[in-house]
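Asker: Predicted coordinates and the sequence they were generated for:
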Amino acid sequence: MADAWPMRNALRRVVRRARDWSWPYVAAGKTYAAYMRFVRATSRITIEPGNPFEIFADRAPLILTTWHGQHFMVTLLMRPGDRASALVSRSNDGDASAAFLGSFGIEAVRGSGGRDRLRTVEKGGARALLQMRRSLDEGISIATVADVSNTVARHCGEGIIALARISGRPIVPMGFATSRWIAMRGWDKATIHLPFSRAALVMGELVDVPADADEATLENRRQLLEGRINACVDRAYEIVGKRRQW
């Protein structure tokens, strides 16, 4: 029995180290990117009213946003020459997302504010906010989710409103839907979009946040953005002939 303890401890060390390995997540992200290209190539896609990089060109750079579980579909908008960055968490799942986005030429900004404001600095949220502002100042659009990880799905958080306020850039609410999908059971109610589908990407009216906005105005803009994203999602499902799943 004594000889079993060193082996057991060695196994535990291997398991702990495996948690720090990023390559399986990077590989998963690149594989999913290839899958999304297949979905795009085999689906009939409607973009309404048009590609935001074109129709809102006079307001660029932009802050593009939608809900968790739909955000990977933003890559369908990317064209050669379009510049964008995206907020990605500093986690193994974030490694997968960064690899996925990088496959489409979207640079990852690592950090997350999370649910607890006291952990914002620890998780890189404050630094990520400043980095996203720098990207916007350099003319690079930002793609980010509006809701906060592991909280209530489809509830707009304060982070994106703060980014719009300090950067002076407009927010583009978006909604995505496909006619064929697999529903997941995670907190974000994500869907895996299937190939050979009807797909729709819908953009809503821009949301601007004044630099001198008070608390009441910030809350008003947060609720306004939340409503416009949901309206975009509803319209996207209407286009593909389906009903919203949440």
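Answerer: Received, thanks.
Asker: Double-check L224 against L206; I have them as touching.
Answerer: No - with contact defined as C-beta atoms under 8 Å, L224 does not reach L206; the gap is 10.6 Å. C-betas here are computed from N, CA, C, even on glycine.
Asker: tell me which element I182 is part of?
Answerer: Assigned by DSSP states H and E, I182 falls within strand 181-183.
Asker: Spatially nearest residue to I192 (excluding sequence neighbours)?
Answerer: Distances taken as C-beta to C-beta, 6 or more residues apart in numbering put I182 closest to I192, at 4.4 Å, once the chain neighbours are dropped.
Asker: now swap in L206 and tell me
Answerer: Using C-beta to C-beta, 6+ apart and skipping residues adjacent in sequence, the residue nearest L206 is P170, 4.2 Å away.
Asker: Looks like that neighbour contacts I63 (just checking).
Answerer: Yes - at 6.8 Å, P170 counts as touching I63 under the criterion of C-beta under 8 Å.
Asker: tell me, what's touching those two both at once?
Answerer: Shared contacts of P170 and I63, defined by C-beta atoms under 8 Å, 6 or more residues apart in numbering, are found at A164.
Asker: From Y237, how far out is the residue nearest to G111 when sequence neighbours are not counted?
Answerer: Counting by C-beta to C-beta, 6+ apart, G111 lies nearest to A128, which is 2.7 Å off, once chain neighbours are set aside. Distance, A128 to Y237, using C-beta to C-beta, to the nearest Å: 31 Å.
Asker: between these two, which one's more packed in?
Answerer: A128 (24 against 20; other C-beta atoms under 10 Å).
Asker: mind checking how far the more buried one is from A34?
Answerer: For A128 relative to A34 (C-beta to C-beta), the value is 27 Å.
Asker: again with D58
Answerer: Taking C-beta to C-beta, one finds D58 at 35 Å from A34.
Asker: For the two, work out which one has more neighbours and name it.
Answerer: A34 (10 against 5).
Asker: for this structure, longest helix please?
Answerer: What stands out as the longest helix in the chain, according to DSSP state H, is helix 215-239.
Asker: in this protein, which spans are strands?
Answerer: Ranges of strands in the chain, per DSSP state E, are 44-48, 63-66, 84-88, 107-110, 141-145, 171-178, 181-183, 191-193, 198-203.
Asker: Of those, which is nearest A231?
Answerer: strand 171-178 (7.4 Å; C-beta to C-beta).
Asker: Report the angle between the closest one and helix 215-239.
Answerer: Angular relation of strand 171-178 and helix 215-239 on a 0 to 180 degree scale: 30 degrees, by axes from the mean of the first three to the mean of the last three C-alpha atoms, to 10 degrees.
Asker: Using PDB, write out the CA atom coordinates for strand 171-178.
Answerer: Only the C-alpha atoms of strand 171-178 are listed here, as PDB (Å, rounded to 0.1, in the frame of the first residue of the first chain):
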ATOM      1  CA  ILE A 171     -23.400  50.400 -29.600                       C
ATOM      2  CA  VAL A 172     -24.800  48.300 -32.300                       C
ATOM      3  CA  PRO A 173     -27.400  45.800 -30.900                       C
ATOM      4  CA  MET A 174     -27.600  42.600 -32.800                       C
ATOM      5  CA  GLY A 175     -29.600  39.400 -32.900                       C
ATOM      6  CA  PHE A 176     -28.900  36.000 -34.600                       C
ATOM      7  CA  ALA A 177     -31.000  33.000 -35.500                       C
ATOM      8  CA  THR A 178     -30.900  29.900 -37.700                       C
END
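Asker: pLDDT averaged over that strand, what's the number?
Answerer: Taken as a whole, strand 171-178 has a mean pLDDT of 94.
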